[in-house]
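# okay, predicted coordinates and the sequence, questions at the end:
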Amino acid sequence: MPKASHEFACRKVGGPLNLGYTCRDQKNYLRSKRQRELAYGQAGSMLKFFHDKIAENPSFQYALQLDCEENIANIFWVDAKMLLDFAHFGDVVTFDTTFGTNKEYRPFDIFLGLNQFRETTIFGAALMFDETRDSFIWLFETFLAAHNGRHPKTIYTDQDVAMGKAIERVFTESYHGLCTFHIMQNACKHLSPVKDDEKDEVEERDQLEEEEEESHILTDFSACMYGYEDKVAFQEAFDNMRLKVHKQTWLDSIYKVKEKWAECYMRDVFSLGVRSTQLSESFNNALKNHLKSDFHIVRFLMHFERTVEVKRTKELDSEFDARKKLPRIKMCTPMLVEASKVYTPIIFKAFQGEYERSMAACSRVLDGNNKFAIAIGSLHGDLQFEEERIVIGDPLTQMVTCSCGMFNRTRILCGHGLKVLDLMNIKTLPKHYVLKRWTREARNGSIQDRQGRNVMENSKLEAQLRYKDLSYKFHNMAHKSANSPECCVLLESALDSVAPHIEDLLNAATSAMSEPYKGKENIDPKVQQIDKLLSSARLKKKEIHSSNLRRKKTWIDKLLKGRRKSTKATTSTKKEAKQQKKREGKAPNKKDGVHPQVQVKRYENNKETNLELQEWNGIISFTKQLLLAPPCDDADMF
């Protein structure tokens, strides 16, 4: 609100006289700013926005898909930070779509993952025209091309059929998992208890038992999703659940893709503990906090950057805390001390929890070399032991293999494996059990884009550092020289003498950049050719069918509506009178001038209403005559 922001600024500076501009000035500035944002139209301004990003950092990439009429249908973009994040943390990706984020009502698609602090990081974003198989194929192929063809190990999506077919075709090297959160939502909609017609009357009247039975079905389905590690036990539980369900259509469809959501089929899937697309839901909620439905596409891109910067600032805070704060070590053992220096704080906390569990574990030697059965006792309450796990160790290679499969999924060694390492007298954590993506040095190393250039998150960082050093020197020199007129004169003369040489160097650099355009007519390609291209760009229009989008009613429509209501009321009164006469055995005579008593009573009580309707009918008829009259010249009116 311009008025509210102007009043707030006035209070901050001590009154409107100290502010320097009026509320009208602020409104004019905002209006001209919005006009400049759309100087080339929505599509051209969007391309201008992307070109400016490329000028700031050459690693910025975007791609467009055009329809047969050369209108822009689908849009994809990644910046330098997204390229770096995917190179370091792109092993597990979640992909989700959100509809209606701006006034174009284009689905907004985003690729997300987890960084070394288990916080959300962005790998790419897109605005789509539709959600068809061909559109998703183009999007996924463009995504892989932007990231040098590197496939993620695992990708999670919802149960969209078109999306699933596109993933099978494009992400051939990735495991495709389904979001368990969306599956449970669908289970609540489709699963219902058996409706048996032979139930007793007492059971039919007891709704509480039916609700409990339905909750048991959801509990059974949740157990099939998370609780069974053995495939045979899962099959038995799923078959038993079928007997409790009336309609099994949804169960049959979800059973066909059981490898994408059941725990027993995903024990060796590298997932980092991710089983849903809740990362996307969280980011979309954060994005909607900065959006309005009437934002055009350029404003949407600007607010998207704002949301991304919030996420990246949080990552910088975590990086600062990791460097300045020491993690709390509960037991000063060589393995924990080493892990605290290598892992990030949140990963070290998880590792230390597994180390504590290994201290409460009991071991049993089995037949074979270095084969153990490990059972971990509870750390709190009564002493109870978990299910035994079979662990095979190799002292020469310092390798352990556990039947729980935790390291395969999260790349953090489990308590069973740590117990066997201790039994083999290995007191330090082997390097092959330290995954780089979980360490403090996860971002070390150079990354190249598809043009072979080293990706720099901030291409102007070196210039900013030089500016910082020069500003510090100039400020100190000016502060010291301000007290002496002779020093001020000497400093100013030195600056005046060096300024022409600096200008010559800058002009030489500028002319060197413009050499390829020498000898050509219409030398200004950035102004003439690019401007022409931007102005001719068009977005593919999306037809919006919404019940909320209705034409505003004029005062004539309201009057006609009131007239129709009164006519309906009169007609209904006449029908009631006819029905009453039929009941009395008298057929109504159309020639009689006598009206039914109900109708006479109604007219007597609404005389004022009838007079008003007559006046409004005269106004309406006069207005219709004006609308139907032929157009006339201005001279005919005088």
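Yep, that arrived. Bear in mind that the values here come from a model prediction, so they are computed numbers and not experimental data. Numbering: from 1, shown residues only.
# the residue nearest in space to the middle of the chain sits in which helix or strand?
The residue lying closest to the centre of the chain (C-alpha atoms, centre = their mean) is Asn284, at 3.4 Å. Following DSSP states H and E, one finds Asn284 within helix 278-288.
# centre of the chain to the helix or strand that comes right after that helix, how far?
Per DSSP H and E, the first helix or strand lying C-terminal to helix 278-288 is helix 297-324. Offset of helix 297-324 from its chain centre (C-alpha atoms, centre = their mean, to the nearest Å): 14 Å.
# what is the mean pLDDT for helix 297-324?
Taken as a whole, helix 297-324 has a mean pLDDT of 90.
# dump the next helix or strand after that helix to PDB, restricted to CA.
Next helix or strand after helix 297-324 toward the C-terminus (DSSP H and E): helix 334-342. Only the C-alpha atoms of helix 334-342 are listed here, as PDB (Å, rounded to 0.1, in the frame of the first residue of the first chain):
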ATOM      1  CA  PRO A 334      38.500 -41.000  18.700                       C
ATOM      2  CA  MET A 335      35.700 -41.800  16.300                       C
ATOM      3  CA  LEU A 336      33.400 -39.100  17.600                       C
ATOM      4  CA  VAL A 337      36.100 -36.500  17.700                       C
ATOM      5  CA  GLU A 338      37.000 -37.200  14.100                       C
ATOM      6  CA  ALA A 339      33.400 -37.200  13.000                       C
ATOM      7  CA  SER A 340      32.700 -33.900  14.700                       C
ATOM      8  CA  LYS A 341      35.400 -32.300  12.600                       C
ATOM      9  CA  VAL A 342      34.300 -33.800   9.300                       C
END
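# packing partners of the next helix or strand after helix 334-342?
For helix 334-342, the following helix or strand on the C-terminal side (DSSP H and E) is helix 345-359. Judged by 3 or more C-beta pairs under 8 Å, 6 or more residues apart in numbering; DSSP states H and E, helix 345-359 is in contact with helix 334-342, helix 415-423. Heads up, the C-betas are built off the backbone N, CA and C, glycines and all.
# mind redoing it with 10 Å?
Contact here means 3 or more C-beta pairs under 10 Å, 6 or more residues apart in numbering; DSSP states H and E; on that basis helix 345-359 packs against helix 297-324, helix 334-342, strand 371-376, helix 406-410, helix 415-423.
# out of the ones you listed, deepest packed?
helix 415-423 (a mean of 24; mean count of other C-beta atoms under 10 Å).
# that helix packs against which elements?
helix 334-342, helix 345-359, strand 361-365, strand 371-376, strand 389-394, strand 399-402, helix 406-410.
# mean pLDDT and distance to Arg299 added to these, as TSV?
Shown next, in TSV, are the helices and strands packed on helix 415-423 (pLDDT from 0 to 100; distance: least, C-beta to C-beta, whole Å):
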stretch	mean pLDDT	distance to Arg299
helix 334-342	94	44
helix 345-359	94	35
strand 361-365	92	57
strand 371-376	94	54
strand 389-394	94	55
strand 399-402	94	52
helix 406-410	93	40
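# wait, which of these is closest to Asp321?
helix 345-359 (7.1 Å; C-beta to C-beta).
# related to what we said a few turns ago, which other helices and strands contact the helix holding Asn284?
Helix 278-288 packs on strand 92-98, strand 108-114, strand 120-127, strand 154-157, helix 180-190, helix 297-324, going by 3+ C-beta pairs under 10 Å, 6+ apart.
# how about CSV for those, with distance to Phe234 added?
What follows is the helices and strands packed on helix 278-288, written out as CSV (distance: least, C-beta to C-beta, whole Å):
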stretch, distance to Phe234
strand 92-98, 24
strand 108-114, 28
strand 120-127, 32
strand 154-157, 20
helix 180-190, 15
helix 297-324, 37
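# before we move on, the earlier item: show me the one of the helices and strands packed on helix 415-423 that comes nearest Phe8.
So among the helices and strands packed on helix 415-423, helix 345-359 is nearest, using C-beta to C-beta, at 38.3 Å.
# just the CA trace of that closest one, in CSV.
What follows is helix 345-359, C-alpha atoms only, in CSV (Å, rounded to 0.1, in the frame of the first residue of the first chain):
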residue,chain,number,x,y,z
PRO,A,345,26.5,-30.3,12.9
ILE,A,346,23.1,-31.9,12.0
ILE,A,347,24.7,-34.9,10.4
PHE,A,348,27.1,-35.3,13.3
LYS,A,349,24.1,-35.3,15.7
ALA,A,350,22.6,-38.2,13.7
PHE,A,351,25.9,-40.1,13.7
GLN,A,352,26.4,-39.6,17.4
GLY,A,353,22.9,-40.9,18.0
GLU,A,354,23.8,-44.1,16.1
TYR,A,355,27.1,-44.3,18.1
GLU,A,356,25.2,-44.2,21.4
ARG,A,357,23.0,-47.0,20.1
SER,A,358,26.0,-49.1,19.3
MET,A,359,27.2,-48.7,22.9
